[in-house]
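> When you get a sec, could you give me coordinates for this:
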Amino acid sequence: MPKIKQFDYPLIAREGTIHLCIAFFCGFLATWLWGFGSIPVWVLVLFVVQFFRDPKRNISTQPGTVVSPASGKIVSIEEEANPYLEGVTSLKVSVFMNVFSVHSNLIPFSGEVKDVWYYPGKFVNAALDKASSENERNAVWIRTKEGNDIVSVQIAGLIARRILCYVKKGDEVETGQRYGFIRFGSRVDLYLPLETRLSVKLGQWVSSGNDVIGMISVK
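This next block holds a predicted model:
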């Protein structure tokens, strides 16, 4: 049975601090003004809390494991020319996050960050394939110690308006490490080596860090 690594996650994402303060202020104000009539406002407060939750994950330490960088539904699995690495064909796996998903993003595989690219763009529905090329996005290129190239792309969605990324070129990163956050509905595209043995299928729901996307051969 593979060993499990547990990172320290904040439980409630720090990216939601201002939103949570505003939400609770509105909840207490509504209670003071309307009493039991404030219940709909507190339902909204609970929604904000669940959106910014960032629970503990159990990261597999089995060699070659690619963990899911996002929580959500697998909406695309296909081979295609990697738009970020010239002359490379990759296996693309896309995870769509709705407003009830955990929205912090994790490193899928340990290695060195070779580059980070940000692209401004549109905010069409992130569940659509054209979101991969048209929406605002941030791509992180990771090279593993075995020389495999992996690209994890944060993509803004219909109501998402801010992508946050905390790694930069030259950083050494670990599988399961928290590296970014996307506010509200969004998507992550994962470009993997063609020889990756996938553990997921189209339509499957995955949990960031807890679930394995596939396996890459390692020496």
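> Now do the helices in the chain.
Listed from the start of the chain, the chain has helices (DSSP state H) covering 17-34, 39-51, 131-134.
> Tell me, please, where in the chain the pLDDT is lower than the cut-off.
1-8, 124-127, 159-161, 184-185, 219 (pLDDT under 70).
> now do 50
Along the chain, segments meeting pLDDT under 50 span 1.
> and among the helices of the chain, the most buried is which?
Mean neighbour count, computed with mean count of other Cβ atoms under 10 Å, is highest for helix 131-134 among the helices of the chain, reaching a mean of 18. The way it works is simple: take the backbone N, C-alpha and C, and place the C-beta from them, glycine included.
> got a list of contacts for that one?
By Cβ atoms under 8 Å, 6 or more residues apart in numbering, the residues outside helix 131-134 that reach it are Pro83, Lys92, Ser94, Gly121, Lys122, Val124, Asn125, Val153, Ile155, Gly157, Arg187, Asp189.
> So for the fourth one, what's the nearest residue that isn't a sequence neighbour?
Nearest in space to Gly121, with sequence neighbours left out and distances taken as Cβ to Cβ, 6 or more residues apart in numbering, is Glu136 at 4.3 Å.
> number of nearby residues for the one you found?
When counting by other Cβ atoms under 10 Å, one arrives at 21 neighbours for Glu136.
> ditto for Lys92
Residue neighbour count, defined by other Cβ under 10 Å, stands at 21 for Lys92.
> how far away is it from Pro193?
For Lys92, the distance to Pro193 equals 11 Å [Cβ to Cβ, to the nearest Å].
> and which of the contacts of helix 131-134 is nearest His103?
The nearest member of these to His103, counting by Cβ to Cβ, is Gly157 at 10.2 Å.
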